[in-house]
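Student: Pasting the sequence and the predicted coordinates here, then a few questions.
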Amino acid sequence: MKEFAERIIPEFMREGKVPGFSLAIVQDGEVIYAQGFGSRDLARTLPATPDTLYGIGSCTKSFVALAVMQLVEKGKIKLTDPASDYVPFRLGLKGKPITIHHLLSHSSGLPNLATSTIGLSRGVGIDLGVPWGTANDFYRVVNKANAEIAAPPGERFFYSNEGYRVIGNIIQEVSGTPFHEYIHRNILEPLGMTRSTLVKHEFDSDPDRMVAHWKKTDGTLQPTGFPYPDVSENPDFSWNAAAGGLMAPASELTKYLTALMNDGIYKGKRLASEDSIKNMLTPHINHTQTYWGKSSYGYGWSILPDFYCHRQISHGGSLLVSTAHLAMIPDLKLGVAMAANTSRPPFATIAEGMFIALMGKDPYSHPHLRLREKMRDLTGEYQIHMGLERLRVVNKGGLLYLEQKDSFIDSLTPLIPEEPYLENLRFYIQVDGLRQPIEFVEKGDGYDLYVERYRYHSIRSFLRVR
C-alpha cells in the first residue's frame with residue numbers, strides 16, 4: 001500500500017498540476033499510514049502534511065446529515081417532514097411535498113441550481129451579478145425555480161447543493177444555534193477534531209493550512225483564498241456553509257471515519273445511534289455507474305454494494321480550488337481521508353487502489369489504472385508514408401481525440417471506443433450522423449492507426465522500424 005501510494009500519487013500530481021496532497025489511512029481506529037506530498041503553499045514551498053487544513057467541499061454534507069440524525073433522535077424533526085414546515089422553502093409539486101429525506105438523499109426532483117457557482121465564483125473574484133449575502137437572497141434564487149422540477153420527489157437523483165443549504169437552515173432553526181456552532185459543539189468537539197472548522201478566520205490563523213489554487217483553463221495555477229465567506233461574521237446565513245464549507249485535516253477526518261465505522265461511537269462518545277448511522281449508510285436512491293457497478297446515495301454518502309465483495313462508502317468534495325475525498329469499507333474497519341489544494345485529482349482511484357492493496361491484491365489491476373496505461377500507449381504523433389500527413393492522438397478529460405492541424409485543417413475529433421474498457425482497440429468517429437471506424441493495431445513497440453483511406457504509424461515505431 002505504501003509503495004503504491006508513493007508511486008501513484010506523485011504521478012497524478014504531476015499530470016494534474018496539483019501543488020499539495022495529504023492523506024491518512026485508518027484501520028481498526030488506528031492511523032496506519034499518513035503522508036503529505038508537495039506543497040501546501042506553493043509560493044513559499046511549505047510542505048503539505050497529514051495535518052494540513054484543507055477545504056473539504058461536499059464531504060461536509062455527511063456532517064450535515066449526521067446533525068439531522070441527531071435532531072431526529074431528539075424528536076425535534078422527522079425525516080418525513082416537509083422542509084417547508086421549518087424554513088421558507090417553497091418548491092414542490094401539489095400533494096407531493098419535498099421532505100427532509102428527499103433533500104438528504106438528493107431525490108427532491110430538482111436539478112442543481114448552481115447556487116455554489118454564485119458563491120465560489122465570488123470567492124475567487126468573479127461576481128456573476130446575482131445578489132448573494134443573506135438568507136433572503138438564497139431563497140429568492142431558489143423559490144422561483146419551481147418550473148425546474150423534473151420529477152416527483154423520490155424518483156430521480158439530482159445532486160443538489162441547494163438542498164443541503166436548506167437542510168443547514170433547518171438545523172439552525174430547530175436547534176436555535178447558528179449552523180456552524182451546532183456542528184462544532186455536537187460533532188467536531190466530541191470527536192476531538194480541534195482544528196477542523198467552518199470559520200474562515202480560524203482557518204486563516206492556523207499555521208498549517210493550505211493555500212488554495214485556482215487551476216485556469218490554460219493550466220496555470222493562481223493562488224487564492226478560501227472561497228467561502230467567514231460564517232462567524234454573518235451567523236444568520238451560517239448555513240450557507242452546509243453545502244461544502246468545512247475545513248479539516250486528513251489526520252482529524254480519520255476520527256470521523258472511525259466513529260461511523262463503529263456505529264457512531266468514538267472513544268466511548270456516542271455521536272448518534274446505531275440505527276441513525278445505518279440509515280445514513282443505507283441506499284435511498286440509485287446514483288451513478290462505476291467500475292464496480294451501480295452505486296446509490298444514502299444521506300451524505302455514496303454507497304457501492306460490491307467492491308471486491310465488500311460495501312464501500314465514499315464521498316468527494318470540490319470547491320474548485322480545493323478538493324477532498326473520504327472513503328471507507330466498514331466491515332474491514334478501513335478508511336481513507338485525502339485532500340488537495342486545487343481541482344480534483346482522481347481520488348477515488350487512489351483510495352480504491354489502496355483498499356485493493358490492503359486486501360492483498362494488485363492495486364494496478366484497478367480498471368482506471370489499466371485504462372490509463374492503454375490510453376497513454378495510444379497517445380502521441382502519427383504519420384503516413386514519408387510523413388506527408390500527420391496527426392496526434394491526445395487524451396483530454398479521459399477521452400481520446402484525433403487532433404489534426406496543418407495549412408488546410410484544424411480539427412479535434414473524439415474517438416468513441418467500441419468497448420468501454422478498451423479490451424479491443426477499435427473506435428469510431430461520428431461524421432454527419434454516420435459512424436466511421438478507426439482502429440489501432442499494435443506493431444512492435446508502437447501502433448499503426450487506420451483512419452478512412454489512411455494508414456498512420458506512430459512516430460516512435462516508424463522511426464525504429466525504418
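Tutor: Received the coordinates, thanks.
Student: List the contacts of D41.
Tutor: Taking CB atoms under 8 Å, 6 or more residues apart in numbering as the criterion, D41 is in contact with 20, 210-211. Where you see a C-beta, it was placed from the backbone N, CA and C, and this is true even at glycine.
Student: what about I409, how many residues close to it?
Tutor: The tally of other residues near I409 (other CB atoms under 10 Å) stands at 8.
Student: Read off the pLDDT value for it.
Tutor: I409 is assigned 91 on the pLDDT scale.
Student: Residue nearest the middle of the chain, spatially speaking?
Tutor: G316 (3.0 Å; CA atoms, centre = their mean).
Student: surely I187 meets L66?
Tutor: Yes. Taking contacts as CB atoms under 8 Å, I187 lies within contact range of L66: 6.1 Å.
Student: Now do the shared contacts for the two.
Tutor: L271.
Student: one step back: in strands only, show me the contacts of D41.
Tutor: Judged by DSSP state E, the contacts of D41 include G20 as members of strands.
Student: Mind picking the one among the contacts of D41 that's closest to A114?
Tutor: M210 (24.8 Å; CB to CB).
Student: and that closest one, what does it touch?
Tutor: With the criterion set at CB under 8 Å, 6+ apart, M210 makes contact with 20, 40-41, 48, 52-55, 322, 339, 341.
Student: Tell me how many other residues crowd the residue nearest to it when sequence neighbours are not counted.
Tutor: Leaving aside its sequence neighbours, M210 sits nearest to N341 (CB to CB, 6 or more residues apart in numbering; 4.0 Å). Counted with other CB under 10 Å, residues neighbouring N341 total 29.
Student: cool, and T217?
Tutor: By other CB under 10 Å, neighbour count at T217 equals 5.
Student: same deal with F12?
Tutor: 18.
Student: ok so, going back, quick one, phi psi at the residue nearest to the centre of the chain?
Tutor: Phi and psi for G316, reported as degrees, to the nearest 10, are phi -100, psi 170.
Student: ditto for L281
Tutor: Given degrees, to the nearest 10, the pair of backbone angles that L281 has is phi -100, psi 20.
Student: Look up how far K96 lies from the nearest residue to it once chain neighbours are set aside.
Tutor: Setting aside the residues directly before and after it, L281 is nearest to G298 in space (CB to CB, 6+ apart), at 5.2 Å. For G298, the distance to K96 equals 22 Å [CB to CB, to the nearest Å].
Student: again with M280
Tutor: 24 Å.
Student: Which of these two has more residues huddled nearby?
Tutor: Just comparing M280 and K96: by other CB under 10 Å the higher neighbour count belongs to M280, 23 against 15.
Student: Who are the contact partners of that one?
Tutor: M280 neighbours (CB under 8 Å, 6+ apart): 62, 65-66, 69, 260, 298-301.
Student: just curious, which of those residues is nearest to D204?
Tutor: Once CB to CB is applied, the member of those that ends up nearest D204 is S62, at 24.9 Å.
Student: What is the neighbour count of the closest residue to that closest one other than its chain neighbours?
Tutor: Once flanking residues are discounted, S62 sits nearest to G300: 3.3 Å by CB to CB, 6+ apart. Using other CB under 10 Å, G300 has 26 other residues around it.
Student: quick one: contacts for G300?
Tutor: 61-66, 104, 280, 315.
Student: For those residues, which single residue is the most surrounded?
Tutor: That'd be V64 among the contacts of G300, by other CB under 10 Å, with 30 neighbours.
Student: any idea how far N169 is from that residue?
Tutor: For V64, the distance to N169 - CB to CB - is 11 Å.
Student: Now for the two: what residues contact both?
Tutor: Joint contacts of V64 and N169 (CB under 8 Å, 6+ apart) are A242.
Student: and the nearest residue to P97 once chain neighbours are set aside, how many neighbours?
Tutor: Closest residue to P97 apart from its sequence neighbours, by CB to CB, 6+ apart: P82 at 3.7 Å. Number of residues near P82 (other CB under 10 Å) recorded here: 16.
Student: so P82 touches L93, yeah?
Tutor: No. Counting by CB under 8 Å, no contact exists between P82 and L93, whose distance comes to 11.6 Å.
Student: For the helix or strand L371 falls within, buried residues please.
Tutor: Using DSSP states H and E, the element containing L371 is helix 367-378. Judged by neighbour count using 16 or more other CB atoms under 10 Å, the buried positions of helix 367-378 are 369, 371-372, 374-375, 377-378.
Student: CA-only coordinates of it in PDB, if you can.
Tutor: Output of helix 367-378 as PDB, limited to C-alpha atoms (Å, rounded to 0.1, in the frame of the first residue of the first chain):
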ATOM      1  CA  PRO A 367      -9.800  -0.600 -14.200                       C
ATOM      2  CA  HIS A 368      -8.900   3.100 -14.200                       C
ATOM      3  CA  LEU A 369      -5.200   2.400 -14.000                       C
ATOM      4  CA  ARG A 370      -5.400  -0.200 -16.700                       C
ATOM      5  CA  LEU A 371      -7.300   2.200 -19.000                       C
ATOM      6  CA  ARG A 372      -4.900   4.900 -18.200                       C
ATOM      7  CA  GLU A 373      -1.900   2.800 -19.300                       C
ATOM      8  CA  LYS A 374      -3.600   1.800 -22.500                       C
ATOM      9  CA  MET A 375      -4.600   5.300 -23.300                       C
ATOM     10  CA  ARG A 376      -1.100   6.500 -22.600                       C
ATOM     11  CA  ASP A 377       0.300   4.000 -25.000                       C
ATOM     12  CA  LEU A 378      -2.000   5.200 -27.800                       C
END
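Student: Contacts only, for H315.
Tutor: Contact analysis of H315 by CB under 8 Å, 6+ apart lists 58-59, 61-62, 300-302, 325-326.
Student: Y428: which of the residues you listed is nearest?
Tutor: Nearest to Y428 among the contacts of H315, with distances taken as CB to CB, is S302, at 31.9 Å.
Student: any idea where the helices of the stretch 151-300 of the chain begin and end?
Tutor: With helices called from DSSP state H, counting those that start in this stretch, the stretch 151-300 of the chain shows them at 161-175, 179-183, 189-191, 200-204, 250-261, 274-280.
Student: Those: which one's closest to R453?
Tutor: helix 161-175 (50.0 Å).
Student: which outside residues touch that closest one?
Tutor: 58, 61, 64-65, 67-68, 71, 76-77, 83, 86-87, 89, 100, 102-104, 106, 108, 110, 112-113, 115-116, 135, 138, 142, 178-179, 182, 238-244.
Student: Please identify the pairing partners of whichever strand or helix holds I303 and their relative orientation?
Tutor: If you go by DSSP H and E, I303 is part of strand 302-307. Neighbouring strands of strand 302-307 in its sheet, by DSSP bridges, are strand 293-297 (antiparallel), strand 310-318 (antiparallel).
Student: just how off-centre is the longest one within its chain?
Tutor: Centre-to-centre, strand 310-318 and its host chain are 9 Å apart (CA atoms, centre = their mean, to the nearest Å).
Student: buried set for it?
Tutor: For strand 310-318, by 16+ other CB under 10 Å, it's 311-318.
Student: cool, and stretch 4-12?
Tutor: Counting neighbours by 16+ other CB under 10 Å, stretch 4-12 gives 4-5, 8-9, 12 as buried.
Student: Over to stretch 394-408?
Tutor: For stretch 394-408, by 16+ other CB under 10 Å, it's 394, 400-402, 404.
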